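Asker: This is a predicted model, with the sequence first.
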Amino acid sequence: MHPNFRKHLEKVITLTDDEFESISQYFTVKTFKKHQFLVQPGEKVRYNYYVISGLLKLVYTDDNMKQHILAFAMEDWWDTDFHAYYTQTDATLSLECLENTEVLCLSLENHHALRSAFPKIDHFLLEKYTYGFLAAQRRILSLLTTSAKARYEHLAKQYPALLQRVPKTQLAAYLGVSRETLSRLAR
């Protein structure tokens with residue numbers, strides 16, 4: 001199993017070598033090419049994905065075929081269509097590779113089995129989900145209450161590497177502005 005994954009887990013919990021080896025058995029490793037989809041609307045969501053390397057985007061496409069980028073996921077982040085994953089319903093979101101990507105995949109069945117076998121994982125997942133929920137709330141509030149310039153500056157400060165890896169048109173979609181507005185903001 002990838003050593004960065006162990007570091008990721010150990011930011012929250014401590015593990016013995018045996019525990020980490022056992023936990024690793026619940027995951028599968030998959031690789032995807034740039035532009036491949038891990039999740040597509042209308043399909044069942046089989047996995048929650050931990051990004052080992054690469055870059056993903058989580059997108060909602062509305063009835064007018066306009067793409068709304070909900071999130072990007074780079075190394076050390078988790079992403080999927082969480083609603084469809086946990087409810088085992090069809091996806092409404094897509095998860096697409098912006099770069100060649102390697103991920104660890106955790107099925108819902110293995111998610112439940114892992115939590116039962118390792119109570120420490122419950123603590124880890126609670127921490128991750130809580131911080132993810134808080135980040136989503138901050139993002140919603142930012143979209144509702146701050147200027148495009150303030151959203152861009154916050155993104156640039158918090159995730160400078162992301163600005164180098166994501167095409168400008170997609171950054172604009174994430175920030176809720178046009179490509180032209182983003183060009184003005186980025187000066």
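Answerer: Yep, that arrived. Not measured: the values here are computed from a predicted model. Numbers count the residues shown, from 1 in each chain.
Asker: Quick check: the gap between the residue lying closest to residue 76 once chain neighbours are set aside and residue 75.
Answerer: Among residues not flanking residue 76 along the chain, residue 8 sits closest, at 5.5 Å (Cβ to Cβ, 6 or more residues apart in numbering). Glycine gets a C-beta too; all of them are placed from N, C-alpha and C. For residue 8, the distance to residue 75 (Cβ to Cβ, to the nearest Å) stands at 9 Å.
Asker: Check which residues of stretch 19-32 are buried.
Answerer: 19, 23, 26-27, 32 (16 or more other Cβ atoms under 10 Å).
Asker: now those as CSV including secondary structure?
Answerer: Formatted as CSV, the buried residues of stretch 19-32 follow (DSSP: H, G, I helix; E, B strand; the rest coil):
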residue, secondary structure
19, helix
23, helix
26, coil
27, coil
32, strand
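Asker: ok, back up a step: just the pLDDT at the residue nearest to residue 76, thanks.
Answerer: Listed pLDDT for residue 8 reads 96.
Asker: now do residue 182
Answerer: pLDDT, residue 182: 88.
Asker: would you list every one of the helices in the chain?
Answerer: In the chain, the helices defined using DSSP state H lie at 3-9, 17-24, 82-87, 108-117, 119-145, 148-158, 160-165, 168-175, 179-185.
Asker: Please identify the most buried of these.
Answerer: Mean neighbour count (mean count of other Cβ atoms under 10 Å) peaks for helix 168-175 among the helices of the chain, with a mean of 19.
Asker: which residues sit against that helix?
Answerer: 57, 67-69, 71-72, 98, 148, 151-152, 155, 163, 166, 178-179, 181-183, 186 (Cβ atoms under 8 Å, 6 or more residues apart in numbering).
Asker: Report the beta-bridge partners for the residue nearest to residue 42 when sequence neighbours are not counted.
Answerer: Distance criterion Cβ to Cβ, 6+ apart; nearest residue to residue 42, sequence neighbours excluded, is residue 90 at 5.2 Å. Taking DSSP bridges, one finds residue 44 as the beta-bridge partners of residue 90.
Asker: tally of neighbours for residue 90?
Answerer: Residues lying near residue 90 (other Cβ atoms under 10 Å) number 13.
Asker: can I assume it is in contact with residue 39?
Answerer: No. Counting by Cβ atoms under 8 Å, residue 39 is not a contact partner of residue 90; they are 10.3 Å apart.
Asker: Mutual contacts of the two, please.
Answerer: With Cβ under 8 Å, 6+ apart as the test, residue 90 and residue 39 both reach residue 84.
Asker: mind checking how far residue 154 is from residue 143?
Answerer: With Cβ to Cβ as the criterion, residue 154 and residue 143 are 11 Å apart.
Asker: repeat for residue 55
Answerer: Taking Cβ to Cβ, one finds residue 55 at 22 Å from residue 143.
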